[in-house]
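A.B. asks: Need coordinates for the below:
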Amino acid sequence: MARFVQALVAAALGLAPGWVNAAPQPVIVVPLAGAIGPASADFVSRSIERANKEGAQLVVLRIDTPGGLDHSMRQIIKDILASPVPVAAFVAPSGARAASAGTYILYASHIAAMAPGTNLGAATPVSLGLPDPGAPTPGRKPGDPPGTQPPATQPRGAAAPADDHAEGQGAMTRKQVHDAAAYIRSFAQMRGRNVEWAERAVREAVSLSADEALAQNVIDLTARDVPDLLAKLDGRRVSTAGGDRVLDTSAAPLTTIEPDWRTRFLAIITDPSVALMLLMAGVYGLFFEFWNPGLALPGVLGAICLLLGLFALQMLPVNYAGLGLILLGLTFMAAEVFLPAYGSLGIGGVVAFSIGAVMLIDTDVPGFGIPLSLIATVVVVTALFIFCIAGVALKARRRPIVTGAEELIGSEGVTLDDVETEGWARIHGEQWRVVSPVPIHRGQHVRVTARSDLTLSVVPVTDADKGV
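C.D. replies: Model (predicted):
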């Protein structure tokens with residue numbers, strides 16, 4: 001029956017008769033698991049490009065994500081919308097979810113499907129320092145205007161809601177929510193899916209199970225697994241950026257693209273904690289190189305780590321004030337070693353670094369924050385390291401001089417010949433031209449009292465000077 005339908009469609013579209021009997025094109029399966037970030041966006045983009053080059057008829061984006069970064073999500077959606085190959089977003093396996101950013105991707109895909117026991121929704125944008133608009137004030141109904149007061153059901157003497165403060169933050173919150181609602185509404189209209197629920201997912205952070213999503217026209221179908229999905233998609237006509245496609249997936253070969261070394265590498269360095277450590281390692285390496293010029297290895301490794309850290313940070317939602325405070329703090333702590341600041345620069349550097357590390361990542365998305373325990377550990381280790389070096393440098397300044405011209409003053413030696421006014425003496429194993437105000441015999445001990453270029457002024461050492 002499916003072949004007959006394909007033949008009719010082929011005749012309607014003017015395709016060659018041999019098209020029906022041709023071997024089905026492959027189907028590419030792309031897993032999208034975990035928080036969506038720069039690494040996953042790059043992986044999906046390259047996978048869709050590869051599917052197009054290999055002539056695949058369908059890309060199955062197997063989703064299991066709690067959400068992710070807005071920029072990365074939008075990059076994935078742009079690639080889906082521009083793809084000439086149909087993309088089926090499939091929330092699987094059972095127990096998986098397409099929360100937050102995953103819901104937008106599901107709505108933007110050509111085909112939306114879910115496995116039993118999965119869920120989607122909770123698509124309210126979350127930003128650092130902004131309250132979740134999906135979490136209503138107790139007693140206030142979802143959808144009420146921002147200034148609406150809740151009914152007077154709170155206990156006597158309870159504090160009134162801080163509406164003035166909420167209104168102060170509400171303007172930015174409303175802008176973000178309205179933008180996100182319009183964004184997902186455009187995909188719902190494009191794909192012919194439930195527009196009202198899409199807006200509720202953004203404004204009220206609601207969620208649906210697979211069966212509820214199918215009943216409310218949020219998704220196109222449900223399937224147990226990828227083979228079951230392909231069997232149900234066989235013969236379906238899909239409109240893409242490259243034109244209409246009729247899927248022949250009943251017997252299509254499956255190819256799963258696993259994340260390669262590049263994706264794994266990007267996932268590691270774009271972790272905010274790793275990026276912060278790379279940045280610090282880079283600064284430390286350059287610090288050691290400038291402190292001991294010629295070592296080369298600290299400078300080379302430091303430059304590499306610093307560039308990797310900066311590359312990772314430019315892919316993340318970075319607060320540049322926080323980054324500036326981190327660099328300022330490291331500069332102050334390094335200057336503590338060279339300047340007699342008696343701890344003021346070091347303490348200021350620790351404070352600036354701590355504040356900057358907390359401010360560095362400008363998002364509250366799960367999986368993209370820097371743990372406070374890591375910040376505290378790094379601050380303590382760095383402070384101890386810097387103050388230990390400063391202590392060693394301070395002790396070194398208090399030690400007596402053991403090299404250079406100043407060390408010669410007070411040194412003793414032996415004359416190599418009779419000295420009337422000028423002669424030669426061996427001091428510290430070296431031969432020096434010496435002058436003396438009194439005659440000195442050969443082999444007599446002398447003490448240096450002054451130096452003028454390469455000539456030393458000496459006086460004879462008497463038995464009283466030796467303590468005899």
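A.B. asks: Show me what secondary structure element comes after the longest helix belonging to the chain.
C.D. replies: Using DSSP state H, we find that the single longest helix of the chain is helix 163-191. Per DSSP states H and E, the first helix or strand lying C-terminal to helix 163-191 is helix 195-203.
A.B. asks: where's that following helix relative to the chain centroid, distance-wise?
C.D. replies: Distance of helix 195-203 from the chain centroid (CA atoms, centre = their mean, to the nearest Å) equals 30 Å.
A.B. asks: so what's Thr382 up against?
C.D. replies: Listed by CB atoms under 8 Å, 6 or more residues apart in numbering, the contact partners of Thr382 are 280, 330, 333, 350, 353. Yep, even glycine has a C-beta here, placed from its N, CA and C like the rest.
A.B. asks: Just the ones of those in helices?
C.D. replies: Using DSSP H, the contacts of Thr382 in helices are 280, 330, 333, 350, 353.
A.B. asks: ok, the second one - contacts?
C.D. replies: Leu330 sits next to 280, 283, 349, 353, 382 when contact means CB under 8 Å, 6+ apart.
A.B. asks: Now render the contacts of Thr382 as TSV, adding pLDDT and distance to Ser47.
C.D. replies: As requested, these are exported to TSV (pLDDT from 0 to 100; distance: CB to CB, whole Å):
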residue	pLDDT	distance to Ser47
Met280	83	34
Leu330	80	39
Met333	78	44
Val350	83	44
Phe353	86	39
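A.B. asks: Could you turn the buried ones of these into a ChimeraX selection?
C.D. replies: ChimeraX command restricting those to the buried ones, with burial defined by 16 or more other CB atoms under 10 Å:
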select :280,330,333,350,353
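A.B. asks: Nearest to Ser109 among the contacts of Thr382?
C.D. replies: Ranked by distance to Ser109 (CB to CB), the contacts of Thr382 are led by Met280 at 40.2 Å.
A.B. asks: how close does the closest one get to Ile269?
C.D. replies: Counting by CB to CB, to the nearest Å, the separation of Met280 from Ile269 is 14 Å.
A.B. asks: Next, show the common contact partners of the two.
C.D. replies: Gly309.
A.B. asks: what about the helices in the stretch 201-350 of the chain?
C.D. replies: Using DSSP state H, counting those that start in this stretch, the helices of the stretch 201-350 of the chain run over 210-215, 226-233, 261-269, 272-291, 297-314, 320-338, 344-359.
A.B. asks: would a markdown table of those helices with distance to Ala99 be doable?
C.D. replies: Shown next, in a markdown table, are the helices of the stretch 201-350 of the chain (distance: least, CB to CB, whole Å):
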| stretch | distance to Ala99 |
| --- | --- |
| helix 210-215 | 13 |
| helix 226-233 | 21 |
| helix 261-269 | 19 |
| helix 272-291 | 20 |
| helix 297-314 | 25 |
| helix 320-338 | 27 |
| helix 344-359 | 26 |
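A.B. asks: what's the closest of those to Leu81?
C.D. replies: Closest to Leu81 of the helices of the stretch 201-350 of the chain is helix 226-233 (CB to CB; 19.5 Å).
A.B. asks: Tell me the gap between the closest one and the middle of its chain.
C.D. replies: 37 Å.
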